[in-house]
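Trainee: Need a 3D model of the sequence below.
(chains A and B)
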Amino acid sequence: MGFVAALIFIGIYCLLTMRNLIKLFIGVEVIAKGVSLALIASGFERNNIYIAQSLTITFIVVEVSVVATALAIIINIYRHTKSLDIRKLTRLKG
Amino acid sequence: MIQTLLLTALVIFSILAVLLRDLLKAAISLAIASIFLAIIFFRMNATYAGVFEISVVAGLITVLFVSTIALTKSDGDVRESKVVSILFPIFFVLFIIIDIFVMKTLLNRLMVVRYPAPTGNFGQVLWGQRTLDLVGQIGVIFAGVFAVIALFRKRDKKDE
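Mentor: Below is the predicted model:
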């Protein structure tokens, strides 16, 4: 569980400090890795790996859907602002 | 021992994915971290989750990241502060020390819900006990597909 916490820490550090939108999403992905590791590790510890696997597969499917949507939003933001800098999003109007 | 090495490699490649300035290298580091995670899953007898991790996370999500990086082509545009990379080891070591001292006592205090061990194989558990999860997965996939279609929809002349 220490490694899970380390992964989640790395992801949160990235989210708090980085400015590039793609980098921020890489941070989200690192957190997602920590969560899937936590699911499988807890299932392995409790001798209940089948349920843990099915939950992890559901989580991965949700993750893919979120990534696809978020990257599409990032491409649209780039077309609009010609930059991936998150600070430029504060200048949006309306 | 091997498990600890694999977990350490997973953490190292995750750190590289966050700290590397080149976005392409960062995406590839993330894919390598996924491969290590999949190997850990295989070693914990979670073979199906491992296969999903390799094919979907290490494969599909990396392709999505690389295509986005290719479509945006402006990694030099955003300058990350150098302080972020300098401060990271300090915060990380601090966190690991807190993690080692706090996590064990915290985990012992957590209430554990007893759940009966499932009978049968993985297919029976997935299709029999977690059927609603599969319905939810189909819903989420459709939501993602429609969201991407909506975001890449061509603008009508009337809208402009």
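
Trainee: Centroid-nearest residue for chain A?
Mentor: Centrality entry for chain A: nearest residue to the mean C-alpha point is A:V28, 2.2 Å, by Cα atoms, centre = their mean.

Trainee: which intervals of chain A have sub-threshold pLDDT?
Mentor: Along chain A, segments meeting pLDDT under 70 span A:91-94.

Trainee: can you count the residues close to the residue of it found nearest chain B?
Mentor: At 3.2 Å from chain B, A:S65 is the closest residue in chain A, using Cβ to the nearest Cβ. C-betas here are computed from N, CA, C, even on glycine. Other residues near A:S65 come to 20 when the count uses other Cβ atoms under 10 Å in any protein chain shown.

Trainee: Skipping adjacent residues, who's closest to it in space?
Mentor: What sits nearest to A:S65 in space, not counting adjacent residues and going by Cβ to Cβ, 6 or more residues apart in numbering or on different chains, is B:G144, at 3.2 Å.

Trainee: That neighbour against A:A70, yeah?
Mentor: No: the criterion here is Cβ atoms under 8 Å, and B:G144 misses it with A:A70 at 10.0 Å.

Trainee: The longest helix anywhere in chain A - contacts with which helices or strands?
Mentor: With residue count as the measure and DSSP state H as the assignment, chain A has helix A:49-81 as its longest helix. Contact here means 3 or more Cβ pairs under 8 Å, 6 or more residues apart in numbering or on different chains; DSSP states H and E; on that basis helix A:49-81 packs against helix A:21-45, helix B:47-52, helix B:62-72, helix B:122-124, helix B:131-151.

Trainee: Indicate which one of those is closest to A:I60.
Mentor: Of all the helices and strands packed on helix A:49-81, it is helix B:47-52 that lies closest to A:I60, at 5.0 Å by Cβ to Cβ.

Trainee: Mind giving me the packing neighbours of that closest one?
Mentor: Checked by 3+ Cβ pairs under 8 Å, 6+ apart, helix B:47-52 has helix A:49-81, helix B:23-43 packed alongside it.

Trainee: quick one: which of these is nearest B:F122?
Mentor: Distances from B:F122 to each of these were compared using Cβ to Cβ; the shortest belongs to helix A:49-81, at 5.1 Å.

Trainee: And that closest one, what's buried?
Mentor: The neighbour-count check on helix A:49-81 (16 or more other Cβ atoms under 10 Å in any protein chain shown) flags A:49-72, A:74-75, A:77-78 as buried.

Trainee: For chain A, what is the nearest residue in chain B?
Mentor: Closest point on chain B to chain A, by Cβ to the nearest Cβ, is B:G144, at 3.2 Å.

Trainee: Model confidence score at that residue, please.
Mentor: Among the per-residue scores, B:G144 holds a pLDDT of 88.

Trainee: Just give me the neighbour total for it.
Mentor: By other Cβ under 10 Å, the burial measure for B:G144, its neighbour count, is 20.

Trainee: dump the residue contacts of it.
Mentor: A:V64, A:S65, A:V66, A:A68, A:T69 (Cβ atoms under 8 Å, 6 or more residues apart in numbering or on different chains).

Trainee: mind redoing it with 6 Å?
Mentor: With contacts defined as Cβ atoms under 6 Å, 6 or more residues apart in numbering or on different chains, B:G144 is in contact with A:S65, A:A68, A:T69.

Trainee: returning to what we had before: with distance to A:M1 as added columns, please give the helices and strands packed on helix B:47-52 in CSV.
Mentor: Putting the helices and strands packed on helix B:47-52 into CSV (distance: least, Cβ to Cβ, whole Å) gives the following:
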stretch, distance to A:M1
helix A:49-81, 14
helix B:23-43, 13
